[in-house]
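Chemist: sharing a sequence plus its predicted fold:
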Amino acid sequence: MTAMLDGRNTLSVQANERAPMEEDSYQQDIHDHHLHRAGMTQEELDEALEQLACKTFHQERPGSLPFLELLEELRALHLSKSQDYGSESDPLANIRQGAEFVGIEPWRGCMVRVADKVQRLRTFCRNGRLVHEGVRDTLLDLAAYSLLAVVLFDEGRDA
């Protein structure tokens, strides 16, 4: 999956490379997981989303469009990298296995990667240059690892 900005700075996302049925099943599993965590039925969720949509539509100050576009870019990045680093049954397999290898909780493994990204940014601030990955990519990775750490931290609390 790739995300692009078109000529109007509008984010467009190309379809994921997963087979449509596999993607639908995966998305349904995610949906069911969140319904279970929220303790809601589908009907209750639909009602809550409708209320949220009405509130969002009538807000005096909408959210930042560039921020929301970055969230979509992070979503596309996560789906793409999950295919490279995850497994069929666990999109976060690489993080879990790396943490297991050194005997720490998976969310702490994300924090090690966060520290690496912060160090890269410190190097840029000192030298004004990076050899491999640019500042923007590093910041996106930093945001993604932070969110992954929250997901894994919450999983550990739910266990």
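Modeler: That came through, no problem.
Chemist: and the longest helix belonging to the chain, what does it pack onto?
Modeler: Assignment by DSSP state H gives helix 135-158 as the longest helix of the chain. Helices and strands touching helix 135-158, as assessed by 3 or more C-beta pairs under 8 Å, 6 or more residues apart in numbering; DSSP states H and E, comprise helix 65-85, helix 93-102, helix 106-127. For glycine as for every other residue, the C-beta is placed from the backbone atoms N, C-alpha and C.
Chemist: could I get the average pLDDT for that helix?
Modeler: Per-residue pLDDT over helix 135-158 has a mean of 95.
Chemist: just use 684 as the starting number from now, easier for me
Modeler: New numbering, starting at 684: the last item is helix 818-841.
Chemist: and it, which residues are buried?
Modeler: If you call a residue buried by 16 or more other C-beta atoms under 10 Å, then helix 818-841 has these buried ones: T821, L823, D824, L825, A826, A827, Y828, L831, A832, L835, F836.
Chemist: in contact with the fifth one, which residues?
Modeler: When you say that, I think you mean A826. Contacts for A826 (C-beta atoms under 8 Å, 6 or more residues apart in numbering) come out as L753, L757.
Chemist: quick check: the gap between it and L762.
Modeler: 15 Å (C-beta to C-beta, to the nearest Å).
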